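Student: Build me a structure from this.
(chains A, B and C, ligands or ions: 3)
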Amino acid sequence: MRVSDEVAGALADGRPVVALESTIISHGLPQPRNLQVALELEGIVREAGSVPATIAVLDGVPHVGLDKTGLERIATEPGLRKLGFRDLAPAAALGLSGATTVSGTSFLAARAGIRVFATGGLGGVHRGWTAVQDESADLDMLSRTRITIVCAGVKSILDVPATLQRLETRQVTVVGYRTDHFPGFYLHSSGEPVDWRVETPAETAGIMRAQDALDGPETALIVANPVPVELQLDPSLHDRVLSEALRAADERGVTGQAITPFLLEYLVEGTGGASLEANLSAVRGNTRLAAEIAASWTART
Amino acid sequence: MRVSDEVAGALADGRPVVALESTIISHGLPQPRNLQVALELEGIVREAGSVPATIAVLDGVPHVGLDKTGLERIATEPGLRKLGFRDLAPAAALGLSGATTVSGTSFLAARAGIRVFATGGLGGVHRGWTAVQDESADLDMLSRTRITIVCAGVKSILDVPATLQRLETRQVTVVGYRTDHFPGFYLHSSGEPVDWRVETPAETAGIMRAQDALDGPETALIVANPVPVELQLDPSLHDRVLSEALRAADERGVTGQAITPFLLEYLVEGTGGASLEANLSAVRGNTRLAAEIAASWTART
Amino acid sequence: MRVSDEVAGALADGRPVVALESTIISHGLPQPRNLQVALELEGIVREAGSVPATIAVLDGVPHVGLDKTGLERIATEPGLRKLGFRDLAPAAALGLSGATTVSGTSFLAARAGIRVFATGGLGGVHRGWTAVQDESADLDMLSRTRITIVCAGVKSILDVPATLQRLETRQVTVVGYRTDHFPGFYLHSSGEPVDWRVETPAETAGIMRAQDALDGPETALIVANPVPVELQLDPSLHDRVLSEALRAADERGVTGQAITPFLLEYLVEGTGGASLEANLSAVRGNTRLAAEIAASWTART
Ligand SMILES: [Mn+2]
Ligand SMILES: [Mn+2]
Ligand SMILES: [Mn+2]
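Tutor: Numbers count the residues shown, from 1 in each chain, chains lettered A, B, ... in the order given. Ligands and ions are numbered 1, 2, ... in the order given. Prediction:
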């Protein structure tokens, strides 16, 4: 594992660091916007006084903190893989490059000593799980990693209530940030309640300290941070296009690993790009909040 | 975490201690009977020569061993929360009080160095899991906590065979105490077989020592201790009222977190209070057996 | 736990060792062929320059490395139990003997310091899991044990895609050995793709070293090694007899624990013994490959 000098220095000094995942760069956005967004997110972290650590695997080596060249490779190399935790060892042994998912990024961040991680939406339990097994490895990793992940919920193409149940089953703490409802990724609210609510970065850091003081199984803290109402996707548009997308997937026989990209793509097109903008608004907000939480976390004596 | 002087002293001296959960006090019984039962259960532990450690969170602080004032608070404070493991950190950070579930109590007991825990029934997999995800966090915690939990099975409103399957999947050892069948909570038997049977507290303590000697993943030992046949709820009454309750929940659209209290309440009313008495008989028997196992466990040199 | 002198010596010297499970001897094959096969598999390991460590529990004591008498006991004692990890403590306390499943064998092998384990097929998610919970404890143990297990997939009577999903969910790395498809146990291919492919024992050992270097959760590496096409069961025969077997189980009301032996037995009879021969071909190939991987693994400096 290679930790960049900047990130290693910040960690050594106890200065705030925020981990960022790389699949949004490689698989989530079109070129050349993906590189612009990657740089913009790093800028948001810096503005808030933290050090960004974008995480990816280059030529088999996990990198925590990418330089400009590294970001460009993730943004432009064709055929990059998505690497979850279980893929890191084969990628290392075979010398391959790839972007890291929430499970891969969470592990590498925690392993490097980074406590706060910003992303868009978590993976979860797929719709249709009653007939086809499909639960993201993100959930299992959050059940065994001491990290604080700031997200806007889980992708709304997933089964949100089922995902929340699995997080409860697997001991992962979920708090709403200034909300009593779990966010709906593109939407301010999924309609599902959350058990806990926090109002400030300091309160969030207090929970992180309480996790450490309890000294229990190394579970994560999910800070569910909704996209502001004024920046969300129009809910009726969202519901209409998502229904169409699910029907289209069914009619065309799209299944398995192909479903997620199919639905996301359908949403982008069916909303005239508005789903992408809502997604980016959510990621920006999460990145800012993560930097504030990291600052509050490291400010402890 | 605050361990009471009495409990800390017993643990330091290697004397037997039995953990007791607090949701039965706060949520399982009406006032003022709940406080009487809490004191009665502690008395049963003492009579058997062990020290009781009722566990709850007061003003954010996990307490292992409650004094009279603490028990009274759990028995009488309105709006107390039920706290599983994942709720302990938020409760600590926000300074809230609450009763601890099996997952919360198991963790805190083990963390304090207590090996034996008595309760009524475990959480499990909800009926209807084929359509709606709902598996108690108790099971996951028992898959990663080295504790011996004495119970009368899982609440019969749950899916017992599915729960037993999940315990097998997650490596949790289950033994029947003087029975070849998993108990049915209110009933002596659920009709489901168990793979292992023990006859004495000493034999149970032998399994606990074997767990430690194997030095494997920190899984629990479930000692399934049936309510005696003469104290069980009448099985035909149980089956009839439970069917009615499930139908009523369905007709009235009761779902999610509301189902468990609805069904339990329905059972109490539909059996004229007999389900509550069977429940208490089970808890008393589990508490006595837990104290005997704790004594046998600490008697090792 | 008793580690045989030969195995202990090899481990101390850093010479290659291959763990072998014992349920194939006790439950998988008829007498006296089972003992012949047990000895044949140990011979295959030795020919490849490794030391075999057949694992079982005798009179409560886990044995890692059985002598001739131990193998004979496993091959001939009536009523031997199948012991998963969760059964090891009760068996030890009660002084019973039994053969160890993949979960029990994986744990004991890793605990003894053995890194490579050869078997036929893993347990997995049962067909019909949408209605009846049944997921083998093998999967959970592979999610928390640092072992390399060489197998020919999962028994084809199980739900292969669902099992692969659970392995992904639980972070278990799966690589195909000289194949892009997950093997079908009796068949060269199950038709399901695998994400990673390795070509040599050295490449496999490289992934094992990468797992250790990452220093993450102690997950397993599954090396999925297909039975050669020329030794597989005829696919059309397999599909026809398996369909018949599933229909027969349904018609005769065979459920629960009884299903696996029923289906396996039906396959043996319905294929005129050819399924057993394909199974043995797979096990022999896995054993040989495991020995080669173990040799490559220990050859590191
Ligand atoms: Mn998936
Ligand atoms: Mn639940
Ligand atoms: Mn099973």
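
Student: how about stretch A:271-285: buried residues?
Tutor: By neighbour count with 16 or more other Cβ atoms under 10 Å in any protein chain shown, stretch A:271-285 contains the buried residues A:271, A:274-285. C-betas here are computed from N, CA, C, even on glycine.

Student: now, which of the residues you listed lie close to chain B?
Tutor: Subset of the buried residues of stretch A:271-285 in contact with chain B: empty, counting by Cβ under 8 Å from any Cβ of the partner chain.

Student: Which member of those is positioned nearest C:Ala56?
Tutor: If you rank those by distance to C:Ala56 using Cβ to Cβ, A:Val283 comes first, at 53.8 Å.

Student: What sits closest to the closest one if chain neighbours are left out?
Tutor: Spatial nearest neighbour of A:Val283, excluding adjacent residues (Cβ to Cβ, 6 or more residues apart in numbering or on different chains): A:Gly120 at 4.6 Å.

Student: could you list every residue that touches the one you found?
Tutor: Shown in contact with A:Gly120 (Cβ atoms under 8 Å, 6 or more residues apart in numbering or on different chains): A:24, A:28, A:151-152, A:185, A:279, A:282-283, A:286.

Student: Using a markdown table, lay out those together with pLDDT and secondary structure.
Tutor: Shown next, in a markdown table, are the contacts of A:Gly120 (pLDDT from 0 to 100; DSSP: H, G, I helix; E, B strand; the rest coil):
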| residue | pLDDT | secondary structure |
| --- | --- | --- |
| A:Ile24 | 93 | helix |
| A:Gly28 | 89 | helix |
| A:Cys151 | 98 | strand |
| A:Ala152 | 98 | coil |
| A:Phe185 | 96 | coil |
| A:Asn279 | 96 | helix |
| A:Ala282 | 97 | helix |
| A:Val283 | 98 | helix |
| A:Asn286 | 98 | helix |
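
Student: Tell me who's in contact with A:Ile293.
Tutor: Residues counted as contacts of A:Ile293 (Cβ under 8 Å, 6+ apart) are A:116, A:148, A:150, A:201, A:204-205, A:208, A:223.

Student: Of those residues - the most surrounded one?
Tutor: Of all the contacts of A:Ile293, A:Val116 has the most neighbours under the rule other Cβ atoms under 10 Å in any protein chain shown, reaching 32 neighbours.

Student: tell me the pLDDT at it?
Tutor: Looking at A:Val116, its pLDDT stands at 98.

Student: which ones among the contacts of A:Ile293 are found in strands?
Tutor: Among the contacts of A:Ile293, the members falling in strands (DSSP state E) are A:116, A:148, A:150, A:223.

Student: Neighbours of A:Pro90, how many?
Tutor: Neighbours of A:Pro90 using other Cβ under 10 Å come to 26.

Student: What residues does chain A have near chain C?
Tutor: Counting by Cβ under 8 Å from any Cβ, chain A sits next to chain C at A:1, A:62, A:84-90, A:92-94, A:103, A:107, A:111, A:130-137, A:139-141, A:144.

Student: Apply 7 Å and report the result again.
Tutor: By Cβ under 7 Å from any Cβ of the partner chain, the residues of chain A that approach chain C are A:85-90, A:92-93, A:107, A:111, A:130-131, A:133-135, A:137, A:140-141, A:144.

Student: Turn the buried residues of stretch A:271-285 into a markdown table, including secondary structure.
Tutor: Converted to a markdown table, these look like this (DSSP: H, G, I helix; E, B strand; the rest coil):
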| residue | secondary structure |
| --- | --- |
| A:Thr271 | coil |
| A:Ala274 | helix |
| A:Ser275 | helix |
| A:Leu276 | helix |
| A:Glu277 | helix |
| A:Ala278 | helix |
| A:Asn279 | helix |
| A:Leu280 | helix |
| A:Ser281 | helix |
| A:Ala282 | helix |
| A:Val283 | helix |
| A:Arg284 | helix |
| A:Gly285 | helix |
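
Student: ok, which stretches of chain A are helices?
Tutor: Along chain A, counting by DSSP state H, helices occupy A:5-13, A:23, A:33-47, A:68-76, A:85-94, A:102-112, A:137-142, A:160-169, A:201-214, A:235-251, A:259-270, A:274-298.

Student: now the ones in strands among the contacts of A:Ile293 in CSV, with distance to C:Ala291?
Tutor: Supplementary listing: those in CSV, determined by distance: Cβ to Cβ, whole Å:
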residue, distance to C:Ala291
A:Val116, 46
A:Thr148, 45
A:Val150, 48
A:Val223, 49
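
Student: Which two among those are spaced furthest apart?
Tutor: Maximum pairwise distance in the ones in strands among the contacts of A:Ile293, criterion Cβ to Cβ, is 8.9 Å, between A:Val116 and A:Val223.

Student: returning to what we had before: between the helices of chain A, which gets nearest to C:Tyr177?
Tutor: Per Cβ to Cβ, nearest to C:Tyr177 of those: helix A:85-94, 12.6 Å.

Student: what's in contact with that closest one?
Tutor: Helix A:85-94 has contacts (Cβ atoms under 7 Å, 6 or more residues apart in numbering or on different chains) with A:57, A:60, A:62, A:81, A:83, A:98, A:103-104, A:107, A:137, A:141, C:171-173, C:175, C:195-196, C:203, C:206-207, C:210-211, C:214, C:216, C:219.

Student: Can you go through those residues and name the buried ones?
Tutor: Among the contacts of helix A:85-94, those classed as buried by 16+ other Cβ under 10 Å are A:57, A:60, A:62, A:81, A:83, A:98, A:103-104, A:107, A:137, A:141, C:171-173, C:175, C:195-196, C:203, C:206-207, C:210-211, C:214, C:216, C:219.

Student: circling back: which of the residues of chain A next to chain C are buried, as a ChimeraX select command?
Tutor: To isolate the buried subset of those in ChimeraX, counting by 16+ other Cβ under 10 Å, use the following:
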select /A:85,86,87,88,89,90,92,93,107,111,133,134,135,137,140,141,144
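
Student: A:Pro261 is in contact with A:Val254, correct?
Tutor: No - contact criterion Cβ atoms under 7 Å: A:Val254 and A:Pro261 do not qualify, at 9.3 Å.

Student: so what's the residue sitting nearest the centre point of chain A scoring on pLDDT?
Tutor: Nearest to the centroid of the C-alpha atoms of chain A, with distances taken as Cα atoms, centre = their mean, sits A:Thr119, at 2.8 Å. Note on A:Thr119: pLDDT of 98.

Student: Could you do A:Pro16 as well?
Tutor: Here the pLDDT value assigned to A:Pro16 is 98.

Student: For A:Ala19, which non-adjacent residue is spatially closest?
Tutor: The shortest distance from A:Ala19 to any non-neighbouring residue, by Cβ to Cβ, 6+ apart, is to A:Ala109 (3.6 Å).

Student: What residues does the one you found make contact with?
Tutor: By Cβ under 7 Å, 6+ apart, A:Ala109 lies in contact with A:19, A:53, A:55, A:64, A:117, A:147.

Student: Could you rerun that using 8 Å?
Tutor: Residues in contact with A:Ala109, defined by Cβ under 8 Å, 6+ apart, are A:19, A:53, A:55, A:64, A:115, A:117, A:147.

Student: ok, now A:Ser97?
Tutor: Contacts for A:Ser97 (Cβ under 8 Å, 6+ apart) come out as A:56-60, A:73-74, A:77, A:80-81, A:91.

Student: circling back to that earlier point, and the residue nearest to A:Val283, backbone torsions?
Tutor: phi -90, psi -80 (degrees, to the nearest 10).

Student: Distance check, it against A:Glu47.
Tutor: Distance, A:Gly120 to A:Glu47, by Cβ to Cβ, to the nearest Å: 19 Å.

Student: Find the nearest non-adjacent residue to A:Thr200, please.
Tutor: Nearest residue to A:Thr200, sequence neighbours excluded (Cβ to Cβ, 6+ apart): A:Ser296, at 7.8 Å.
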